[in-house]
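Participant: requesting a structural model of the entry that follows:
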Amino acid sequence: MVDAATDTIVRIWTDGACSGNPGPGGWGALLRYGAHERELCGGEATPTTNNRMELMGAIRALESLNRPVTVEVHTDSTYVRNGITQWLAGWKRNGWQTSAKQPVKNADLWQRLEAACARHRVTWLWVKGHNGHPENERADALANRGMTEARAVAAGR
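Facilitator: As a prediction, the model looks like this:
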């Protein structure tokens, strides 16, 4: 029996990967709405960081939604979850500086993530990475695929 209340939630699992840090990187996302699933992945051939790829997984997943919905984003990145749920308001209040008066790293992506969240009702959930969680493992595989493709592009230059 399908629960109508939980069937209307889009569930997203995201991950990022990097070959070297910085180095070529990839991001991945698994989206589930009821019985429907969609996989997304991509990467950057130019040197990037794991944190940027973690952010991109969440950004691209949320940006792919074509109408406002209730969303659960599952991430194994405490950086992403804490950044969006705890630190973002303070960074904005401080003019995109940390409490130590340093520029916020990845401010461009934090701003993009905030904009992607604005049209949805988002709950952020942390899941332990590399712990056998099936959806998180799929997001990890997608991020690694994106990274492999990005590495191939970087090698072809």
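Participant: break down this protein into its helices, ranges please.
Facilitator: 4-7, 50-63, 78-82, 88-93, 107-118, 134-155 (DSSP state H).
Participant: least reliable of those going by mean pLDDT?
Facilitator: Note on the helices of the chain: lowest mean pLDDT is at helix 4-7, with a mean of 50.
Participant: adding mean neighbour count, write the helices of the chain out as a markdown table.
Facilitator: From N, CA and C alone the C-beta is placed, and that goes for glycine too. Shown next, in a markdown table, are the helices of the chain (neighbours: other CB atoms under 10 Å):
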| stretch | mean neighbour count |
| --- | --- |
| helix 4-7 | 9 |
| helix 50-63 | 24 |
| helix 78-82 | 17 |
| helix 88-93 | 14 |
| helix 107-118 | 16 |
| helix 134-155 | 19 |
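Participant: and of these, who's closest to G42?
Facilitator: G42 lies closest, by CB to CB, to one member of these: helix 134-155, at 4.9 Å.
Participant: run the chain-centre distance for the closest one.
Facilitator: Distance, stretch centre to chain centre, for helix 134-155: 13 Å (CA atoms, centre = their mean, to the nearest Å).
Participant: hmm, who's touching that helix?
Facilitator: For helix 134-155, the external contacting residues (CB atoms under 8 Å, 6 or more residues apart in numbering) are 11, 13-19, 24-30, 32, 39-46, 53, 57, 74, 76, 127-130.
Participant: could you do stretch 112-132 as well?
Facilitator: 13, 15, 55, 58-59, 62-63, 65, 68-78, 80-81, 84-85, 88, 133, 136-137, 140.
Participant: circling back to that earlier point, apply the buried test to the contacts of helix 134-155 and list what passes.
Facilitator: Buried members of those, counted by 16 or more other CB atoms under 10 Å: 11, 13-19, 24-30, 40-45, 53, 57, 74, 76, 127.
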